[in-house]
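> take this sequence and fold it.
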Amino acid sequence: MKQSKGFNFSRAYSIAKKESRHLLRDPFTLTLALGLPIALLIFFGFAIDYDIKNIPIGVYNGDISTASRDLVDIFQSSGYFQTNPLPLSGDPLEKLDTEQEKAILIINPQFGRHLAGGKTESAQIVLDGADNLVSGIITEYLSGIEDSFNSRLKKQPPPPKINPQVRYLFNPELNSHWFFVPGLIAVINGLISILLTALTVAREWENGSMEMILATPVKPSEIILGKLAPYAILGIGSVLFVFLAARFIFHVPMNGSYLLLSFSTLAFIAATLAQGLLISVLTRQQQLAMQIAITTGLLPAFLLSGFIFPVQNMPIFFRYFTSILSVRWFMQILRAVFLRGSSFSDLKIPLAMLSLLTTLLVAGAIKGFKRDLEP
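Numbers count the residues shown, from 1 in each chain. Predicted coordinates for the structure are as follows:
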């Protein structure tokens, strides 16, 4: 049927109204959109913790002097390590082979005597390099252990010439929840938004109702807007719920503008919904649409968005490749707004990229509908 000229909001509203009624009759979709993000945020929020503590470290103390006991005590009292004495008769590295210890502290028999005589002495730390994340964190902790032990040896150390005063901005407690919970908001809501619309058009094709819609003088842009509007409202409600969970369960501070957060959330939700809709338009099969939605919405969000690995540390190809991921830009915005209190001008690049991705994805979905309307 020939399409009428110009965009007709009444037709778009009719499609949106129909889609809204379908949503209200579908408790599974409502639970997926509103309940699952909160459940996942709470689950992963408590499960993921970058502050690694109580690291098991075996102590092979061949000295048994006051100095060696002081060194072991500093490891134990730091709160980062759980010291476990090892028998002197066995192989100290055997515990690393069986993964019972993450590190081994080996103290030489002459450790205390050499220190008492004014000689320089060292203790050996052997790390389990198979787990490079934990071993890297242990290496960072060791500098603090060394400073504490040297201070205890000197009793009254001479005043330093330079006394640096370190102050951590935006996250003074170095609370890892403050850093990754905003990232979880982006990852979880991005995936849910893609899944929501990835099934909607494919379901219409499988049920045969899409032919009825296309038989009317409706424009592709009206279908797109009508399909996106109800899910956009649902997506915003989902973000609101997880925002409240982040504030009142994990106590993540909100230092930025609520207007900026609202605008960027709308741009992000539009981009992810358009991505799901494009998948649905191109596949026309619910099972295939869900598989592609999970593949494109989950793995890149976790691995390439900066949630786990910093984007700036990736090879140059992947640094540019991540630019097509809306979750990367929204995650950058969330962390900046929550912790730094950044303004519109500070985040103009991520906001521009979100707007560009939204435009391209919506245009791609409209073009996909045009092929159906005008074969």
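> what strand or helix carries residue 172?
Using DSSP states H and E, residue 172 sits within no helix or strand.
> for it, what are phi and psi?
Main-chain dihedrals, residue 172, degrees, to the nearest 10: phi -60, psi -30.
> residue 124 too?
Torsion angles, degrees, to the nearest 10, at residue 124: phi -100, psi 140.
> now residue 199
With angles defined as degrees, to the nearest 10, residue 199 shows backbone torsions of phi -100, psi -20.
> what strands flank the biggest strand by length in the chain, and is each parallel or antiparallel?
Under DSSP state E, the strand in the chain containing the largest number of residues is strand 55-61. With DSSP bridges as the test, strand 55-61 is paired with strand 81-85 (parallel), strand 103-107 (parallel).
> confidence-wise, which helix or strand of this protein is lowest on average?
Least confident helix or strand of the chain, by mean pLDDT, DSSP states H and E, is helix 209-214 with a mean of 66.
> ok, then the element right after that one?
Following helix 209-214 in sequence, per DSSP H and E, is helix 220-248.
> packing partners for that next one?
Under the contact definition 3 or more CB pairs under 8 Å, 6 or more residues apart in numbering; DSSP states H and E, helix 220-248 sits against helix 9-24, helix 36-47, helix 176-198, helix 200-207, helix 258-283, helix 348-373. C-beta here means a position set from N, CA and C on the backbone, and glycine is covered the same way.
> distance between it and the chain's centre?
In terms of CA atoms, centre = their mean, to the nearest Å, the centre of helix 220-248 is found 20 Å from the chain centre.
> buried residues, that helix. List them.
220-232, 234-235, 238-239, 241-243, 245-246 (16 or more other CB atoms under 10 Å).
> what does stretch 193-204 give?
Quick answer for stretch 193-204 (16+ other CB under 10 Å): 193-204.
> could you dump those into CSV with pLDDT and distance to residue 105 added?
Conversion of the buried residues of stretch 193-204 to CSV gives the following (pLDDT from 0 to 100; distance: CB to CB, whole Å):
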residue, pLDDT, distance to residue 105
193, 91, 49
194, 92, 48
195, 89, 49
196, 85, 52
197, 87, 55
198, 87, 52
199, 81, 55
200, 80, 59
201, 77, 61
202, 78, 59
203, 78, 60
204, 76, 65
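> just the pLDDT for residue 2.
Residue 2 carries a pLDDT value of 46.
> same check, this time on residue 372
So residue 372 comes in at 54 (pLDDT).
> what of residue 227?
Predicted confidence (pLDDT) for residue 227: 83.
> ok, it to residue 365 distance?
Taking CB to CB, to the nearest Å as the criterion, residue 227 is separated from residue 365 by 9 Å.
> one more: residue 38?
As judged by CB to CB, residue 38 and residue 365 stand 28 Å apart.
> who has more neighbours out of those two?
Counted by other CB atoms under 10 Å, residue 38 and residue 365 do not tie: residue 365 has more neighbours, with 28 against 16.
> you'd agree the more buried one is up against residue 224?
Yes. Under the criterion of CB atoms under 8 Å, residue 365 makes contact with residue 224 at 5.4 Å.
> what do the two both touch?
274, 277 (CB atoms under 8 Å, 6 or more residues apart in numbering).
> now do the contacts for the nearest residue to residue 105 once chain neighbours are set aside.
Of all residues beyond its chain neighbours, the one nearest residue 105 is residue 59 (4.9 Å), with distances taken as CB to CB, 6 or more residues apart in numbering. Counting by CB under 8 Å, 6+ apart, residue 59 touches 72, 75, 83-86, 104-105, 107.
> right, and residue 369 touches residue 225 too?
No. Taking contacts as CB under 8 Å, residue 369 lies outside contact range of residue 225: 11.4 Å.
> could you chop this protein up by domain?
Listed by automatic domain parsing, the domain ranges of the chain are 9-48+175-373, 55-154.
> nearest to residue 169 among those would be which one?
The closest of the domains of the chain to residue 169 is domain 9-48+175-373. By CB to CB, the value is 8.1 Å.
> count the neighbours of the closest residue to residue 303 other than its chain neighbours for me.
Nearest non-adjacent residue to residue 303, counting by CB to CB, 6+ apart: residue 309, 7.0 Å away. By the measure other CB under 10 Å, the count of residues near residue 309 is 13.
> tell me the SS of residue 309?
Classification of residue 309 using DSSP: H, G, I helix; E, B strand; the rest coil returns coil.
> that one and residue 96, how far apart?
Going from residue 309 to residue 96 by CB to CB gives 26 Å.
> same question for residue 168.
33 Å.
> okay, the two: which has more neighbours?
More neighbours surround residue 96 than the other of residue 168 and residue 96, with 19 against 8 (other CB under 10 Å).
> got a list of what the residue nearest to that one when sequence neighbours are not counted touches?
In this structure, residue 96 finds its nearest non-sequential neighbour in residue 128, 5.3 Å apart by CB to CB, 6+ apart. By CB under 8 Å, 6+ apart, residue 128 lies in contact with 96, 99, 101-103, 134-135.
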